[in-house]
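In: coords please:
(one chain, ligands or ions: 1)
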Amino acid sequence: MLPGHPTAEQVHRRVVEQEPTVSLGTVYKALDSFVAAGLTRRVASAEGASRRYDADCSEHHHLFCTDTQEIIDYCDPQLDLLIREFFAARGLKNFQPHSFSLHVTGVKGKN
Ligand SMILES: [Zn+2]
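Out: Modelled structure (predicted):
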């Protein structure tokens with residue numbers, strides 16, 4: 001798997017450098033198998049855009065830049081604690097949350 005949050009097309013381009021006969025459909029099936037096995041996860045992206053994948057299955061959030069389509073990992077234990085405490089206090093009817101992943105949309109600034 002490529003680092004970051006590649007599309008299936010980007011993974012396919014990398015794969016065919018070594019195995020030119022592998023089809024995009026095969027890459028999609030392999031990625032879906034990785035997702036089902038918990039080795040990769042799908043990442044939300046812009047509507048209509050290609051599916052993105054993340055080989056980092058650790059709990060983290062994503063900052064999505066609508067200008068560049070870049071997805072930036074965001075880790076913040078304080079935010080994680082805040083979310084867990086919120087749902088523990090609020091409770092959800094007939095649902096027990098196991099993990100949390102925020103998808104924050106915005107524009108990457110210059111700081
Ligand atoms: Zn990520």
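In: How about the contacts made by the closest residue in space to residue 3 that isn't next to it in sequence?
Out: Closest residue in space to residue 3, ignoring its immediate chain neighbours: residue 55 at 7.5 Å, by C-beta to C-beta, 6 or more residues apart in numbering. Where C-beta positions appear, they are placed from N, C-alpha and C, glycine not excepted. Under the criterion of C-beta atoms under 8 Å, 6 or more residues apart in numbering, the neighbours of residue 55 are 1, 2, 3, 39, 40.
In: cool, residue 105 as well?
Out: 64, 66.
In: Tell me the pLDDT of it.
Out: Confidence at residue 105, expressed as pLDDT, is 92.
In: One more: the one 3 residues further on?
Out: Residue 108 carries a pLDDT score of 92 in this model.
In: who in the protein is up against the ion?
Out: 54, 73 (C-beta under 5 Å from the ion).
In: For the residue nearest the centre of the chain, give the beta-bridge partners.
Out: Geometric centre of the chain, nearest residue: residue 43, 2.7 Å, by C-alpha atoms, centre = their mean. Following DSSP bridges, residue 43 is listed with bridge partners residue 52.
In: Sort out which of the contacts of residue 55 are buried, if you could.
Out: Neighbour counting over these (16 or more other C-beta atoms under 10 Å) leaves residue 40 as the buried ones.
In: need the contact list for residue 75.
Out: Contacts for residue 75 (C-beta under 8 Å, 6+ apart) come out as 60, 61.
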